[in-house]
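Q: Give the three-dimensional model of this entry:
(one chain, ligands or ions: 2)
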Amino acid sequence: MPKTLHGEDTPLHGTPVEPPEGSVGVRARVEIPVQRADGAWTPGQMVTFTGLGDGLEHVAVQFGPIADVPLVRLHSECLTGDVFGSARCDCGPQLTESMQLLAASGGVLLYLRQEGRGIGLYNKLDAYRLQDQGLDTFAANRELNFSDDLRDYRSAAQMLQALGVSRIRLHTNNPDKAAQLASYGVEVVEQVRTGIFRNENNDHYLRAKAEYGGHSIELVEGTA
Ligand SMILES: Nc1nc2c(ncn2[C@@H]2O[C@H](COP(=O)(O)OP(=O)(O)OP(=O)(O)O)[C@@H](O)[C@H]2O)c(=O)[nH]1
Ligand SMILES: [Zn+2]
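A: Numbering: from 1, shown residues only. Ligands and ions are numbered 1, 2, ... in the order given. Presented below is the predicted three-dimensional model:
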């Protein structure tokens, strides 16, 4: 049975639970069937929260019961890649990879409403226009007077705590996600790298993440 920040039990299904003021709790759990790579259907639970400090509608998708050290993916929203399949970045294939892994083996995906590394959709599209004029993904942010990356993972840590998770295996190539989670009290026991989903359109983007974003990406020539 998952716990709120204050340790009370929350039901897997049923009425929303109001947490004490100032804490984060589970608001609702709704089952969503997800098709695994082998074609079988498996139930995921979409989880909403109360009390998140940034007021954004972040959600979790949980597969199976919470393990001692579950595999967790923090996925920042990318409308262009996640929904429309844009190949300018690697977000779509990363999301599919994580969902498939979690659906097969259990764990939690946190879908964080941090479009454009936190600058929002319209600003990200403005940044794309600057990239089309030659700037890289970080320089384009700076040209628009944003820092390279505005993402804060405090809400992610709070969501994990509300789910009763304090130790995780984190599915990411981004060291900042692991460092921030640790600073917010989540023990990252292991960092599990994601695949490298390289194509002719996102090559520049992945190079910039590896060179300036500190991502653990080995860009082997010819990687698809
Ligand atoms: N500002 C900006 N944001 C972008 C651009 N391309 C993709 N993004 C955003 O970058 C974020 C990528 O999210 P993730 O895949 O969760 O994170 P990551 O930093 O790549 O780290 P991983 O966990 O290794 O995937 C999403 O919010 C995208 O919308 C871009 O060119 N400019
Ligand atoms: Zn993307």
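Q: Could you use CA atoms for every contact and neighbour count after this?
A: Noted.
Q: which stretch of helix or strand covers the most centrally placed residue in the chain?
A: In the chain, the residue lying closest to the centroid (Cα atoms, centre = their mean) is H75, at 1.6 Å. H75 is part of strand 71-76, with elements assigned from DSSP states H and E.
Q: now the angle from the very next helix or strand once past that strand to strand 71-76?
A: Per DSSP H and E, the first helix or strand lying C-terminal to strand 71-76 is helix 91-105. Here helix 91-105 points in a direction 160 degrees away from that of strand 71-76 (axes from the mean of the first three to the mean of the last three Cα atoms, to 10 degrees).
Q: Point out where the chain drops to low pLDDT.
A: Applying pLDDT under 70 to the chain flags residues 1-22, 213, 217-224.
Q: tell me the domain boundaries of it?
A: Domain ranges of the chain: 26-114+151-212, 125-150, per automatic domain parsing.
Q: quick one, which of the ones you listed is packed in tightest?
A: For these, the largest average neighbour count (mean count of other Cα atoms under 10 Å) is found in domain 26-114+151-212, namely a mean of 19.
Q: Just the endpoints, please. Distance across that one?
A: Chord length of domain 26-114+151-212, first to last residue, is 36 Å (Cα to Cα, to the nearest Å).
Q: That domain near ligand 2 anywhere?
A: Yes: using Cα under 5 Å from the ion, domain 26-114+151-212 reaches ligand 2 at C78, G81, C89, C91.
Q: For the third one, list the residues it contacts.
A: Residues near C89 by Cα atoms under 8 Å, 6 or more residues apart in numbering: G81, N201, N202, Y205, L206.
Q: would JSON lines of those with secondary structure be doable?
A: As requested, these are arranged in JSON lines below (DSSP: H, G, I helix; E, B strand; the rest coil):
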{"residue": "G81", "secondary structure": "helix"}
{"residue": "N201", "secondary structure": "coil"}
{"residue": "N202", "secondary structure": "coil"}
{"residue": "Y205", "secondary structure": "helix"}
{"residue": "L206", "secondary structure": "helix"}
